[in-house]
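Colleague: here is my input; please provide its structure:
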Amino acid sequence: MDSKNVIVMMLLIMATSVVAAKTISNKRDWEALLLLREAITADPTGSLSNWTRENSQNLCSSWYGIHCRKSTKRVRAIILPGLQLEGTLSLSLGSLSLLRSFNISDNSLKGGIPPEFGRLKALGTLDLSNNLLSGYIPKSLSNCTRLRWLGLAQNSLAGSIPTEFGRLLELEHLILSGNVLNGSIPDSLSNCTSLKEFSTGSNSLSGPIPSFLGLVQPQMVEY
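Modeller: This is a model prediction of the structure:
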């Protein structure tokens, strides 16, 4: 076999490998979403009715609330607010490595926030507000260092605000009001110099108001 044929064969093998990798990643995405669908016990509007294994090839075009990257067909956003959904959050979502936005606010989800969400390194928006979530805020969310919007308001989350959130240097909106959080506001949040909105009202927090909040726009602070 001459050198030209060898090069052509190598290019074909590389192209086949890339296609295979994309197919595997896409399969991992829809399998994770199917596990979320299984965790949803009530879908009165039927919005998730086309989330099926048989319809997996149409994940990016016909699954309600799902948005994909055109080039890779990987899931980049899950947008499901206000659908009267009941059930729990599936830890399987932690495998959606390219997910940038997850909004499932204004529903009736129970249970805790899976620590596996801390594996979502590309995540910029996480809005779980106005549900029935309980338990503690996972420290692992501090691994989502691209977070700009973290909305957990109007749930029943307990415990303290993780000091690890000081690692979220790009965070602009931290909305934690209407829970049962206690303790004080961690000084580590002073590292979040991009913070524009900070809301912790209607909790059981104690201690002084941190000086760094003076750098946030006054109309965007609730404590």
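
Colleague: next, the buried residues of stretch 185-197.
Modeller: Neighbour-count burial for stretch 185-197 flags Ile185, Pro186, Ser188, Leu189, Asn191, Cys192, Leu195, Glu197 (criterion: 16 or more other C-beta atoms under 10 Å). The C-beta positions use only the backbone N, C-alpha and C, and glycine is treated the same way.

Colleague: can you tell me which of those are in strands?
Modeller: Mapping these onto strands (DSSP state E) picks out Glu197.

Colleague: ok, the buried residues of stretch 185-197 vs Glu164, which is closest?
Modeller: Ser188 (7.5 Å; C-beta to C-beta).

Colleague: rewinding a little: out of the buried residues of stretch 185-197, which is nearest to Gly65?
Modeller: When the buried residues of stretch 185-197 are compared for distance to Gly65 (C-beta to C-beta), Glu197 wins out at 24.7 Å.

Colleague: give me the beta-bridge partners of that closest one?
Modeller: Beta bridges link Glu197 to His173, judged by DSSP bridges.

Colleague: my guess is it contacts Leu171, does it?
Modeller: No - at 9.7 Å, Glu197 and Leu171 do not qualify as touching, with contact defined as C-beta atoms under 8 Å.

Colleague: identify the contacts common to these two.
Modeller: Shared contacts of Glu197 and Leu171, defined by C-beta atoms under 8 Å, 6 or more residues apart in numbering, are absent.

Colleague: make CSV from the buried residues of stretch 185-197 and add distance to Gln154 to it.
Modeller: Formatted as CSV, the buried residues of stretch 185-197 follow (distance: C-beta to C-beta, whole Å):
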residue, distance to Gln154
Ile185, 19
Pro186, 22
Ser188, 25
Leu189, 21
Asn191, 26
Cys192, 22
Leu195, 20
Glu197, 15
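
Colleague: my read: Gln84 touches Pro44, true?
Modeller: Yes - using C-beta under 8 Å, Gln84 is in contact with Pro44, at 4.9 Å.

Colleague: who has more neighbours, the two?
Modeller: Neighbours were counted for Gln84 and for Pro44 using other C-beta atoms under 10 Å; Gln84 has more, 12 against 9.

Colleague: who's in contact with the more buried one?
Modeller: Neighbour list for Gln84: Ala42, Asp43, Pro44, Thr45, Asn107, Ser108 [criterion: C-beta under 8 Å, 6+ apart].

Colleague: tell me who's in contact with the nearest residue to Leu35 once chain neighbours are set aside.
Modeller: Excluding the flanking residues, the one nearest Leu35 by C-beta to C-beta, 6 or more residues apart in numbering is Ser92, at 3.8 Å. Ser92 is in contact with Glu31, Ala32, Leu33, Leu35, Leu36, Glu116, counting by C-beta under 8 Å, 6+ apart.

Colleague: does the first one sit in a helix, a strand or a coil?
Modeller: Here Glu31 is helix, with the state taken from DSSP: H, G, I helix; E, B strand; the rest coil.

Colleague: and Leu157, by the same measure?
Modeller: strand.

Colleague: what sits against it?
Modeller: So Leu157 contacts Ile113, Leu133, Ser134, Gly135, Tyr136, Ile137, Leu176, Asn179, Val180, Leu181 (C-beta under 8 Å, 6+ apart).

Colleague: go again using 7 Å as the cut-off
Modeller: Counting by C-beta atoms under 7 Å, 6 or more residues apart in numbering, Leu157 touches Leu133, Ser134, Gly135, Tyr136, Ile137, Asn179, Val180, Leu181.

Colleague: just give the closest residue to the third one, not the sequence neighbours.
Modeller: Among residues not flanking Gly135 along the chain, Gly112 sits closest, at 3.4 Å (C-beta to C-beta, 6+ apart).

Colleague: good, wrapping up.
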